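> just a sequence and a predicted model for now, questions to come.
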Amino acid sequence: MVVYLPLMIVVASSATYHIVQKYLAPNANPVLVLLVTYGVAFFASLLLFVVFPLKDTIQVEISKIGIPNLALGMSIIGIEIGWILAYRAGLNVNVGSLIGNLLVALVLLPVGLLLFREHLSPTNLVGVVLCIAGLVLVNQR
C-alpha cells in the first residue's frame, strides 16, 4: 500500500477528530463520552473486516494479540481523555493540535533514534530546530 493513502486517512481523520472534539457536549460525563465513542468505533471496526478479512482462523489471529495491544488501548484512552479535558479547559483547536502533535514528535525523536535505530539527516535536524522554534512562536501571546 502506498504510504500516501494511509497518511491522507490519518490527516482527514485527525482533522475531523479535533473538530468534533470541540462540539462534544461540555457537560457530558467524559467517561460516558468515551464509552459511546468506542462503541461506535467497535462497530465501525467490525465493518473493516470487509476490507481487511482475517487471513487465518479467529483463534490463530487472537493468539497474535499481546501486551502491545493492551498498551495501545491504554494509550488511546489517555489521548482521548486528554484531548477532551484540554478542549474543555479552553484549548484552541487551531493551535492546540499543533502544540500537542509537535510535542509528541519531539518526545518520539529519541525513541526512534534509541529504540528503533532510526536516523536523522542534517536536514532532518534543521527541521527539528524549526519545529521547536515554531512551538515557541505558537505559544507566544
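Looks like it arrived, so ask away. Numbers count the residues shown, from 1 in each chain.

> tell me which element the residue lying closest to Thr37 once chain neighbours are set aside falls in.
What sits nearest to Thr37 in space, not counting adjacent residues and going by C-beta to C-beta, 6 or more residues apart in numbering, is Glu80, at 7.1 Å. (C-beta placed from N, C-alpha, C; glycine too.) Per DSSP states H and E, Glu80 falls inside helix 67-88.

> can you name every helix or strand that the helix or strand following that helix contacts?
Next along the chain after helix 67-88, taking DSSP H and E as the criterion, comes helix 93-114. Contact analysis of helix 93-114 by 3 or more C-beta pairs under 8 Å, 6 or more residues apart in numbering; DSSP states H and E lists helix 4-23, helix 67-88, helix 122-138 as its packing neighbours.

> show me which residues of the shortest one are buried.
It refers to helix 122-138. For helix 122-138, the neighbour count (16 or more other C-beta atoms under 10 Å) marks 131, 135 as buried.

> mean confidence for that helix?
For helix 122-138, mean pLDDT rounds to 94.

> list the helices and strands it packs on?
Applying 3+ C-beta pairs under 8 Å, 6+ apart, we find helix 122-138 packed against helix 93-114.

> distance to Leu106 added to the helices and strands packed on helix 93-114, as JSON lines?
As requested, the helices and strands packed on helix 93-114 are exported to JSON lines (distance: least, C-beta to C-beta, whole Å):
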{"stretch": "helix 4-23", "distance to Leu106": "18"}
{"stretch": "helix 67-88", "distance to Leu106": "16"}
{"stretch": "helix 122-138", "distance to Leu106": "7"}
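
> Val51: which of the ones you listed is closest?
Across the helices and strands packed on helix 93-114, Val51 has its closest neighbour in helix 4-23 (11.6 Å, C-beta to C-beta).

> C-terminal to that closest one, what's the next element?
Next element after helix 4-23 (DSSP H and E): helix 30-47.

> list the contacts of that following helix.
Applying C-beta atoms under 8 Å, 6 or more residues apart in numbering, the contact partners of helix 30-47 are 24-25, 77, 80-81, 84-85, 88.

> sounds good, over and out.
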